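Asks: Give me a 3D structure for the following:
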Amino acid sequence: MKKPTSHRKTTVTGGGRFIPPTIEELDAVLTHYEFIDMIGQGGMGAVYKARQPGLDRLVAIKILPTTLDEPEMHFSERFKREAKAMARLSHSNIVSVYDFGVTADAQFYIVMEFTEGTELHKLIRSRQVTQEKVLQWAPQICSALAYAHSKGLIHRDIKPANILIDEEEQVKVVDFGLAKFTGDANQTQLTKTNVTMGSPDYFAPECLQDDVELDGRADLYAVGVLIYEMLTGTVPRGAWQAPSAINPDIDERFDDLVVEAMDPNRDTRIQTAEEIGSRLVEIRNDPGVDADHRKINLMTGPVPIRKPSRHTTAIAPGSGARPKRSMVTGPVPVRQETAPVEPESGEISQRPPSSGMVKPAPRSAPHPLPIFLGVFAAAAIIGTLLYVFSR
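Replies: Residues are numbered from 1 along each chain as shown. Predicted coordinates for the structure are as follows:
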């Protein structure tokens, strides 16, 4: 590849702002591609839409800010790791890697599958996520992670900005820049030199402990946060409320799923992405009385908490059991449930539907005979009075 006579590398200003290369500069160093536009930018680099003329296809090309490659940060090592990690993966819900390399002026790049879609982050902020969409998209995220975990790869940065939804509503998990292979001590050191990478709202507690070897369960914690955010429009912080306490239209089975996925103790947390996915499919296939999956209204104020359903675990008074805690900061509110009264022999049980909401019995229509007799009696009295006064 011919090196251009003049080219500005990716730079970082004194304030730490990354300045990505221009389209013209990239055309000069990556001559096998025709750059069209920059479609994303962040601390880990910039992503461009380009065309690969030889194969007549669109691609996404990620460029690393080379001037950030300080010894303690290891940006270039992570960049190489992302390319190699993604190249090992072949899954319909994970963006594919086509090529990887270094330009003549020492800029790292990854050529990836181009997905015409929208970040989940934008869909959440624009209130376009319904329960139906959660049950359609979240199992695909779990399928992608289950596959990556089976290959020994942890994503470590699951968040809405790294989830794309394409025009056919297929999920694509992107940005494996913080990915780590389980059991690789050398890679662990790349992100444990007094620098914590990733998005704090989605951190599992063990991510903040230097002496803990991470595994796929850290991703599952982030999935719990992600599902909560998709359902409610907010991330769970502090003593957060159960999703159905924020909005009564949310299926209460999500409450238990989120709490178990976000268990701060990874040994009692949900253990596999397959389990989360299967429970989501169970909710989707058995929606109960909430079959319409109405759109979540994020503009409403506090709403009354529904009566617990059969999916809610009650804590018996005096049992010594403690409510589970949200993240590492506070307890999760747990609704108290009164055990249902079993009917006596021969009686018919009038149990409420699974939503915990009791529907009033319909009123029966009045019988026409009493009405007819009343009208007849009134007519007779009026006739008698008219006869008496006429005389």
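Asks: Is the closest residue to residue 279 other than its chain neighbours in a helix, a strand, or coil?
Replies: Leaving aside its sequence neighbours, residue 279 sits nearest to residue 257 (Cβ to Cβ, 6 or more residues apart in numbering; 5.5 Å). Placement of C-beta: from N, CA and C, glycine included. Classification of residue 257 by DSSP: H, G, I helix; E, B strand; the rest coil places it in helix.
Asks: now swap in residue 381 and tell me
Replies: Per three-state DSSP, residue 381 ends up helix.
Asks: Verify the stated contact: the residue nearest to residue 279 with residue 280.
Replies: Yes. Using Cβ atoms under 8 Å, residue 257 is in contact with residue 280, at 7.5 Å.
Asks: At which residues are the helices of the stretch 1-150 of the chain located?
Replies: Per DSSP state H, counting those that start in this stretch, the stretch 1-150 of the chain carries helices over the ranges 23-29, 75-87, 120-125, 131-150.
Asks: quick one: the strands in this protein?
Replies: Secondary structure of the chain (DSSP state E): strands at 11-12, 18-19, 34-42, 45-52, 57-63, 97-102, 108-113, 117-119, 153-154, 163-166, 171-173, 180-181, 325-326, 330-331.
Asks: how about those strands, which one is nearest residue 240?
Replies: Closest approach to residue 240 among these is made by strand 325-326 (4.8 Å; Cβ to Cβ).
Asks: Same list (the strands of the chain) but as TSV, adding mean pLDDT and mean neighbour count.
Replies: Listed next are the strands of the chain as TSV, based on pLDDT from 0 to 100; neighbours: other Cβ atoms under 10 Å:
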stretch	mean pLDDT	mean neighbour count
strand 11-12	48	14
strand 18-19	74	17
strand 34-42	90	14
strand 45-52	93	20
strand 57-63	93	20
strand 97-102	88	16
strand 108-113	90	22
strand 117-119	91	17
strand 153-154	88	22
strand 163-166	94	20
strand 171-173	95	23
strand 180-181	63	20
strand 325-326	40	20
strand 330-331	40	13
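Asks: Residue 26 is nearest to which of those strands?
Replies: Nearest to residue 26, of all the strands of the chain, is strand 34-42, at 4.8 Å by Cβ to Cβ.
Asks: what angle separates the closest one from strand 45-52?
Replies: 160 degrees (axes from the mean of the first three to the mean of the last three Cα atoms, to 10 degrees).
Asks: what lines up beside strand 34-42 in the sheet?
Replies: Take DSSP bridges as the rule and strand 34-42 pairs in its sheet with strand 45-52 (antiparallel).
Asks: ok and the strand it pairs with relative to strand 97-102, angle-wise?
Replies: Interaxial angle of strand 45-52 relative to strand 97-102 (the same axes, to 10 degrees): 120 degrees.
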